[in-house]
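**Student:** heads up, no residue letters with this:
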């Protein structure tokens, strides 16, 4: 018997991991890059965007950084330039939409794609905005507060 769509959606080949963390102390400020951070219901501790809800935390795929660099023809682009909170590798974030993930001691619910902002043109030059389209990562809400550190596993959590 073939698996149902619901079964397929809940299956992932392996866990991912946290590769980078960034917090923005204020709007347009240089990102700080801690090795660990507390995830609170209002977002990551120390991040200026302190609003509980579906956009409390932003995540991006580590694998997408190389694509974005190729699109803008610059190896100098960093995660800090992309203005997201957490970079993860080894798991498809877009496949986790509306799903819960465990990262370190925190549980997040992926709410949807994170569209690029117009600042990408300033940071990466002409075409920076379009380079990020489809590769801007996802937004998430914090379901369970906890510590997130570089190297932590990222795994899908089935709803109870």
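**Tutor:** Okay, I see it. Everything numeric here is computed off the predicted structure, so don't read it as measured data. Residues are numbered from 1 along each chain as shown.
**Student:** centre-most residue in the protein?
**Tutor:** For the chain, the residue nearest the mean C-alpha position is residue 59 (0.5 Å; Cα atoms, centre = their mean).
**Student:** give the contact list for that one.
**Tutor:** Residue 59 sits next to 84-88, 93, 108, 110, 114, 137-140 when contact means Cβ atoms under 8 Å, 6 or more residues apart in numbering. C-beta coordinates here come from the backbone N, C-alpha and C atoms, glycine included.
**Student:** okay, those residues in CSV with pLDDT, distance to residue 12 and neighbour count next?
**Tutor:** Converted to CSV, the contacts of residue 59 look like this (pLDDT from 0 to 100; distance: Cβ to Cβ, whole Å; neighbours: other Cβ atoms under 10 Å):
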residue, pLDDT, distance to residue 12, neighbour count
84, 94, 21, 23
85, 97, 21, 27
86, 98, 18, 28
87, 98, 18, 23
88, 98, 12, 24
93, 94, 11, 23
108, 98, 15, 27
110, 96, 13, 23
114, 93, 20, 23
137, 95, 17, 25
138, 97, 15, 23
139, 96, 20, 23
140, 97, 16, 31
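**Student:** kindly reformat those as a markdown table containing secondary structure and distance to residue 17.
**Tutor:** A markdown table is the format used below for those (DSSP: H, G, I helix; E, B strand; the rest coil; distance: Cβ to Cβ, whole Å):
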| residue | secondary structure | distance to residue 17 |
| --- | --- | --- |
| 84 | coil | 16 |
| 85 | coil | 15 |
| 86 | strand | 11 |
| 87 | strand | 10 |
| 88 | strand | 7 |
| 93 | helix | 13 |
| 108 | strand | 15 |
| 110 | strand | 16 |
| 114 | coil | 20 |
| 137 | coil | 16 |
| 138 | strand | 16 |
| 139 | strand | 20 |
| 140 | strand | 16 |
